[in-house]
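> got a predicted model here, sequence first, then my questions.
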Amino acid sequence: MVQFSQENLAKVEEIIARYPEGRQKSALMPLLHLAQEQWGWLSAETMDYVAGLLKLEPIEVYEVATFYTMYNLKPVGKHVFEVCHTGPCMLRGSDDILAYIKEKLGIGVGETTADGLFTLKTAECLGACGYAPMMQMGKYYKEHLTKEKIDRIIEECRTQAAANN
């Protein structure tokens, strides 16, 4: 059975308490972020659990989780590369960057490397057009991307993974 850790249950209570009685649905997105932080992705069982905590119908949670690309609905790698592929980034070469990452990692969009280290996704506008081409990695933006920068980012991720094993 899916259940938040004791530490996260305390956070759940704090998040829900931010909203007036009858408005617990407002806590949905923060709770989905917390769930994804704990489990790495949002399974149907996890979304049902969150629905129960907020006294919502599961479909209300599914609607939100499937609408926003920041939620992972299947397992992802330790490092998720979300390459912006809207107009301004495309004009600055995001298609070339995306193709290079695919070639370098041997995966397509929506796929994860066999070692579970990298997942490649595309994203709609990330609001950083002046820094194009760019991608998001978790909380961080990687900007003015070049093939050389991608090589460094991948190497840094691999080095970090090796140090943690």
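Yes, it's here. Numbers count the residues shown, from 1 in each chain.

> centroid residue for the chain?
Central residue of the chain (Cα atoms, centre = their mean): Met70, 4.4 Å from the mean position.

> secondary structure element holding it?
Per DSSP states H and E, Met70 falls between elements, in no helix or strand.

> what packs against the longest helix along the chain?
Counting residues, the longest helix found in the chain (DSSP state H) is helix 147-164. Applying 3 or more Cβ pairs under 8 Å, 6 or more residues apart in numbering; DSSP states H and E, one finds that helix 147-164 makes contact with helix 94-105. In short, each C-beta sits where N, CA and C put it, glycine included.

> quick one, helices of this structure?
Counting by DSSP H, the helices of the chain are 6-17, 28-39, 44-54, 58-67, 87-91, 94-105, 147-164.

> angle of the fourth one against helix 28-39?
By that I understand helix 58-67. 70 degrees (axes from the mean of the first three to the mean of the last three Cα atoms, to 10 degrees).

> same question, the third one
In this structure, helix 44-54 runs at an angle of 130 degrees to helix 28-39, with the same axes, to 10 degrees as the basis.

> by contact count, what packs against helix 44-54?
Using 3+ Cβ pairs under 8 Å, 6+ apart, the elements in contact with helix 44-54 are helix 6-17, helix 28-39, helix 58-67.

> and these, which is most packed in?
Ranked by mean neighbour count, the helices and strands packed on helix 44-54 are led by helix 28-39 with a mean of 18 (mean count of other Cβ atoms under 10 Å).

> hmm, back to that, need the CA coordinates for the longest helix of the chain. CSV is fine.
Provided in CSV are the C-alpha atoms of helix 147-164 (Å, rounded to 0.1, in the frame of the first residue of the first chain):
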residue,chain,number,x,y,z
LYS,A,147,26.6,20.0,-28.0
GLU,A,148,29.6,20.7,-25.8
LYS,A,149,27.3,21.8,-22.9
ILE,A,150,25.2,18.7,-23.3
ASP,A,151,28.3,16.5,-23.2
ARG,A,152,29.3,18.2,-19.9
ILE,A,153,25.9,17.9,-18.4
ILE,A,154,25.7,14.2,-19.2
GLU,A,155,29.2,13.6,-17.8
GLU,A,156,28.4,15.5,-14.6
CYS,A,157,25.2,13.4,-14.2
ARG,A,158,27.2,10.1,-14.7
THR,A,159,29.9,11.3,-12.3
GLN,A,160,27.3,12.1,-9.7
ALA,A,161,25.7,8.7,-10.1
ALA,A,162,29.0,6.9,-9.8
ALA,A,163,29.8,8.8,-6.6
ASN,A,164,26.5,7.9,-5.1
